[in-house]
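Asks: next input, structure requested:
(4 chains)
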There are 2 protein chains.
Amino acid sequence: MGRWPTGSQERLQDAAIELFSERGYEHTTVAHITEAAGLTERTFYNHFADKREVLFPDQKRFVAELAEAVRAAPADQSPLDSIAAALLLTTSWFDQRHDAARRRRTILDTRAELRERELAKMAALEEALAGALRERGGAGISAALTAAAAVGAYRLATAAWLADPQRRPLEHHLKVSFEGLRTTAMNW
Amino acid sequence: MGRWPTGSQERLQDAAIELFSERGYEHTTVAHITEAAGLTERTFYNHFADKREVLFPDQKRFVAELAEAVRAAPADQSPLDSIAAALLLTTSWFDQRHDAARRRRTILDTRAELRERELAKMAALEEALAGALRERGGAGISAALTAAAAVGAYRLATAAWLADPQRRPLEHHLKVSFEGLRTTAMNW
DNA sequence: GCAATTGATTGCAGTCTCTGTAATCACCTA
DNA sequence: TAGGTGATTACAGAGACTGCAATCAATTGC
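Replies: Residues are numbered from 1 along each chain as shown, chains lettered A, B, ... in the order given. Predicted structure coming up:
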C-alpha cells in the first residue's frame, strides 16, 4: 500500500462533520464531502456503506470491546453490574471528546434518518450485550431484558452528559442512571 | 372526494406485501407496487413518506391508543402495570391477524433497513409511553427507564408470539415476558 | 342550475443515493 | 524484473424521492 495519501477515511469523516455543521446534512451531498476530502464519490462508498455511516465510525469496535468486557467480568458480578462496569471503562475516552460528541449530536438531532441509524447502533449494542450475558450463563430472556434496560440507562446517561451545563463527567451520569434504574425497578 | 375508486392506501399496502413476499423487498420497485395497485408512482409518495413506510400502517394510531390507555389507567396502578395492561388490551386484535403478522415479519427480517425502521417505531412507542407515565406524575428518569424496559419486554413477547409453534395467544407471551422482567429485575 | 372549491391523482423533470464492473498504477514481493 | 496487491478512479445506470403544475369528478355555496 502507500500510493495515495493515508487517512482517507478520517478525512472523509472530518469533511463530513464540517459540511454537515455548515450547510446541514440534507444540503450536503456525498460529492461535496469527497470533493472537500480530495477524493471521488465512488471512494466514499468504498469506505462507508451509505451516507449516514460516516457519522458512526468505530461503532463496531466499541460494541465488540464492551461485549468482551462483559464476558471477562468476574463471575460473582451481577449481569447488570457487569454491563455498568464495562461502560465505565469507556468514560474517559468520551470525556476527552466531549465537544466533538456535542457537535455530532447536534447533527444527529436535525434528521430523523440519522436518529434512526443511531437506534440501529444501539440495538446492535443491546444484542451484543445480551449475547455476552448469555455466555455468562444467564437465561436467554433474562439476558435480553437486562441488556435492554441497561442500554436504556446508557442512552439516558449520554443524553444527560451532553446536556449537562455543569459538564460533569460521563461517569457521574452513568452512575446516576444505573442507580435510577435499580430504584425504579423496585416499584415494578 | 370520490372521483377515484376508494382504498388506494390499502391497495398499495396489499400489493406491496404480496410483491415483497414474491420477489423480495429489494427487487420490488415502487413502480411495481403502484402498477399492481392501478396507480402511479407519484401517488405512492402521496400516501407514504418512503418505500419502507408501506409496511408500517396504523402505527401512529397504535401508539396514540396505548399512550391514552396508560394515561387513563387507575392511579393506584404501578407504571409498569399500567403499560402491561394497555398492551393486553391490544392482544385480540393481533391474535386475529397472526398469519399476516408472520408474513410481515418474514419480510422485515430480510432487510436491515426494514428492521431499522421497526426500531424507530419502537422508539416512538417508548417515547410516547414515557410521556404518558410522566403525565401520571412519575419522575422523568424513572418514566423513561420504565418505558424502555417495558418496550423491551414487549419486543420479546411479540417475537416469542410469532415464533411459537403452539400458537399460544399474545396475551400469554406478554404475561411471561413481563413476569420475566420483574423476576430479572430482582437481581439488579 | 351553475360557478367556485376541494382534493385525490397524475405527468414530468430533475437531483441524489447507491451499485456493478472494469481499469489504473504506485508499491511490495519473489 | 515480473507479477501481485489494494486503494482509488471512471463510467454508466437503476431507482428512490421531490417540487410543481395540471387535471377533473364530486361537492359546496349561491
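
Asks: which residues sit in contact with A:Glu171?
Replies: Contacts for A:Glu171 (Cβ atoms under 8 Å, 6 or more residues apart in numbering or on different chains) come out as A:88, A:91, A:95. Any C-beta I mention is one placed from the backbone N, CA and C, and that applies to glycine too.

Asks: hmm, try it at 10 Å
Replies: When contacts are counted by Cβ atoms under 10 Å, 6 or more residues apart in numbering or on different chains, A:Glu171 touches A:87-88, A:90-92, A:94-95, A:157, A:161.

Asks: what of A:Ala120?
Replies: Counting by Cβ under 10 Å, 6+ apart, the residues that A:Ala120 touches are A:52, A:56, A:59, B:112-113, B:115-120.

Asks: so how far is DNA strand C from the residue in chain A positioned nearest to DNA strand D?
Replies: Across chain A, the shortest distance to DNA strand D (Cβ to the nearest atom of the strand) belongs to A:Ser8, at 3.0 Å. Look at A:Ser8 and DNA strand C: by Cβ to the nearest atom of the strand, to the nearest Å, they are 14 Å apart.

Asks: neighbours around that residue, how many?
Replies: Using other Cβ atoms under 10 Å in any protein chain shown, A:Ser8 is surrounded by 17 other residues.

Asks: and A:Pro79, by the same measure?
Replies: Neighbour tally, A:Pro79, other Cβ under 10 Å: 26.

Asks: is it in contact with A:Arg71, as I believe?
Replies: No. Shown here, A:Pro79 and A:Arg71 do not form a contact pair, counting by Cβ atoms under 10 Å, at 11.7 Å.

Asks: shared neighbours, the two?
Replies: A:132-133, A:136.

Asks: strands of chain A, residue ranges please.
Replies: With strands called from DSSP state E, chain A shows none.

Asks: what sits against the residue most central in space within chain A?
Replies: For chain A, the residue sitting closest to the mean C-alpha position, by Cα atoms, centre = their mean, is A:Gln59 at 5.9 Å. For A:Gln59, the contact set (Cβ under 10 Å, 6+ apart) comprises A:53, A:117-118, A:120-122, A:124-125.

Asks: what of A:Thr110?
Replies: A:20-21, A:24-26.

Asks: how does it look with 8 Å?
Replies: Here A:Thr110 is in contact with A:24-25 (Cβ under 8 Å, 6+ apart).

Asks: ok, it to B:Ala149 distance?
Replies: 29 Å (Cβ to Cβ, to the nearest Å).

Asks: quick check: mean pLDDT across stretch A:111-122?
Replies: Averaged across stretch A:111-122, pLDDT comes to 98.

Asks: that stretch near DNA strand D anywhere?
Replies: No. Between stretch A:111-122 and DNA strand D, judged by Cβ under 7 Å from any atom of the strand, nothing touches; the nearest distance is 8.9 Å.

Asks: one step back: how about a markdown table for the contacts of A:Glu171, with pLDDT and distance to B:Glu65 added?
Replies: Below are these laid out as a markdown table (pLDDT from 0 to 100; distance: Cβ to Cβ, whole Å):
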| residue | pLDDT | distance to B:Glu65 |
| --- | --- | --- |
| A:Leu87 | 98 | 35 |
| A:Leu88 | 98 | 40 |
| A:Thr90 | 97 | 39 |
| A:Thr91 | 98 | 40 |
| A:Ser92 | 97 | 45 |
| A:Phe94 | 98 | 38 |
| A:Asp95 | 98 | 42 |
| A:Ala157 | 98 | 31 |
| A:Trp161 | 98 | 34 |
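
Asks: show the buried residues in the residues you listed.
Replies: A:87, A:90-91, A:94, A:157, A:161 (16 or more other Cβ atoms under 10 Å in any protein chain shown).

Asks: how about those residues in TSV, adding distance to chain B?
Replies: Shown next, in TSV, are these (distance: Cβ to the nearest Cβ, whole Å):
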residue	distance to chain B
A:Leu87	15
A:Thr90	20
A:Thr91	19
A:Phe94	20
A:Ala157	10
A:Trp161	13
